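> sequence first, then the predicted structure:
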Amino acid sequence: MSSSNPLLSGMQPTGPLHIGNYLGALKNWTSLQDEFDCSFFIADLHAMTIEYDPKDMPVYVNELALTYLAAGLDPEKCNIFIQSHVPEHSELAWIFNTIVPIGELERMTQYKDKSEQHKQNINAGLFTYPALMAADILMHKPVGVPVGEDQTQHVELARSIAKKFNKTFGKTFPEPKVILTPTPRVMSLVDPEKKMSKSKGEKHYIGMFEDPKSIRKKIMSAVTDSASGSKKMPAGVENLFTLLEACGAEKSLIATFMEQYNEKSLQYKDLKEATADTVIAMLKPIQEKRKQLESDPGYVADALLKGTTAAQAVAKETMKEVKEKCGLL
């Protein structure tokens with residue numbers, strides 16, 4: 001690992017991940033850890049902005065830690081930590097709240113989306129959480145942030161906040177770049193014009209630890225010809241091709257299906273069968289590793305302790321510098 005090129009990213013613990021989360025971010029993280037000094041955190045403070053049962057939070061945090069490790073994150077190659085265990089993140093977020101214009105926060109599309117989804121709980125945290133996200137990122141001074149396409153606006157805001165802080169208080173933070181995965185968007189199986197999401201219901205997504213029979217059933221029921229009469233490939237068919245490629249199907253198989261599609265001889269049943277086989281094969285080693293990790297809770301706890309201790313050391317150093325520059329020390 002090269003400490004001169006740190007990367008950082010994280011996910012919220014809101015229940016089991018689906019393959020859109022894996023292909024959109026997590027798979028990319030596992031390859032980046034071999035080249036860069038990576039830190040990946042569990043964003044439990046962010047998860048508090050929507051209604052939740054406090055009893056579920058430790059379960060979901062452990063679930064996400066297990067998923068990170070099962071997917072291939074290696075605590076010897078990267079740091080894995082829990083956001084709330086590094087209180088400096090919240091402290092830096094408050095400082096950023098004093099310099100980020102309200103107009104910038106009002107423009108955030110995720111605030112608008114989540115306000116629509118959670119009309120009974122539009123809280124201040126939901127509005128200001130991009131400042132906390134900027135603190136999560138900038139605290140560790142990364143050169144890049146590997147995220148899914150839907151998070152690029154937040155990284156751009158973090159860059160803007162870094163620029164404003166540097167101008168106001170003196171050069172402190174680098175302006176990190178967005179690092180997109182090769183598969184930035186995986187679409188819903190039932191509504192392929194929309195992104196895969198758990199919020200739309202069971203049929204719309206494939207869980208990373210879902211039973212192979214269930215996976216096959218969902219893919220065999222996937223929408224295909226949603227744009228009949230159009231010369232453009234239907235979104236549902238395009239999504240199946242995306243899954244085939246992203247999940248590691250042989251290039252020759254993809255080329256054969258594409259040739260058949262262009263010749264109008266493609267049987268969608270064959271395409272779906274091949275996609276199901278490929279998705280199940282990709283998930284099998286991850287699911288097996290998960291079972292192995294579940295029988296060794298000490299390993300998971302040690303990985304989190306190691307990563308959190310490293311993150312705390314970096315955070316203390318950054319906050320000392322920040323406080324000195326802001327006149328707080």
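Here it is on my side, so go on. Residues are numbered from 1 along each chain as shown.

> roughly how far out does the helix or strand containing Thr278 sit from the chain middle?
Following DSSP states H and E, one finds Thr278 within helix 268-294. Here the centre of helix 268-294 is set off from its chain's centre by 20 Å, with C-alpha atoms, centre = their mean, to the nearest Å.

> now stretch 318-325
With C-alpha atoms, centre = their mean, you get 29 Å for stretch 318-325.

> that stretch - what's its average pLDDT?
Mean pLDDT, stretch 318-325: 98.

> and the contacts of that stretch?
88, 91-92, 95, 139-141, 169-170, 172, 328-329 (C-beta atoms under 8 Å, 6 or more residues apart in numbering). Bear in mind the C-beta positions are built from the backbone N, C-alpha and C, glycine included.

> would you mark the buried spots in the helix holding Thr278?
268, 271-272, 274-280, 282-283, 286, 290, 293 (16 or more other C-beta atoms under 10 Å).

> does the closest residue to Ala246 other than its chain neighbours fall in a helix, a strand, or a coil region?
Leaving aside its chain neighbours, Ala246 sits nearest to Thr183 (4.1 Å; criterion: C-beta to C-beta, 6 or more residues apart in numbering). Counting by DSSP: H, G, I helix; E, B strand; the rest coil, the backbone at Thr183 sits in coil.

> quick one, phi psi at Thr183?
Thr183 adopts backbone torsions of phi -120, psi 80, taken as degrees, to the nearest 10.

> contacts only, for it.
So Thr183 contacts 23-24, 27, 242, 245-246 (C-beta under 8 Å, 6+ apart).

> so how far is His89 from the closest residue to Ala162 other than its chain neighbours?
Spatially, and ignoring its direct neighbours in sequence, Ala162 is nearest to Phe173 (3.9 Å; C-beta to C-beta, 6+ apart). Separation of Phe173 from His89 (C-beta to C-beta, to the nearest Å): 14 Å.

> same thing with Asn97?
From Asn97 to His89 the distance is 13 Å (C-beta to C-beta).

> swap in Lys198?
From Lys198 over to His89 (counting by C-beta to C-beta), the distance is 25 Å.

> next: Thr152.
Thr152 is 21 Å from His89, by C-beta to C-beta.

> of these two, which one has the most company?
His89 (25 against 14; other C-beta atoms under 10 Å).

> list the contacts for that one?
So, once contact is read as C-beta under 8 Å, 6+ apart, His89 ends up touching 45, 83, 132, 135-136, 139, 315.

> which parts of the one helix or strand it maps to are buried?
Assessed by DSSP H and E, His89 sits inside helix 88-97. Within helix 88-97, the residues that qualify as buried by neighbour count (16+ other C-beta under 10 Å) are 88-89, 91-93, 95-97.

> do the same with stretch 241-254
Here stretch 241-254 shows 241-244, 246-247, 249, 254 as buried, counting by 16+ other C-beta under 10 Å.

> surely Glu193 touches Pro234?
No: with contacts counted by C-beta atoms under 8 Å, Glu193 stays clear of Pro234, the gap being 10.0 Å.

> now the phi/psi pair for the residue nearest to Glu238 when sequence neighbours are not counted, please.
What sits nearest to Glu238 in space, not counting adjacent residues and going by C-beta to C-beta, 6+ apart, is Pro192, at 7.4 Å. When quoted as degrees, to the nearest 10, the phi and psi of Pro192 stand at phi -70, psi 0.
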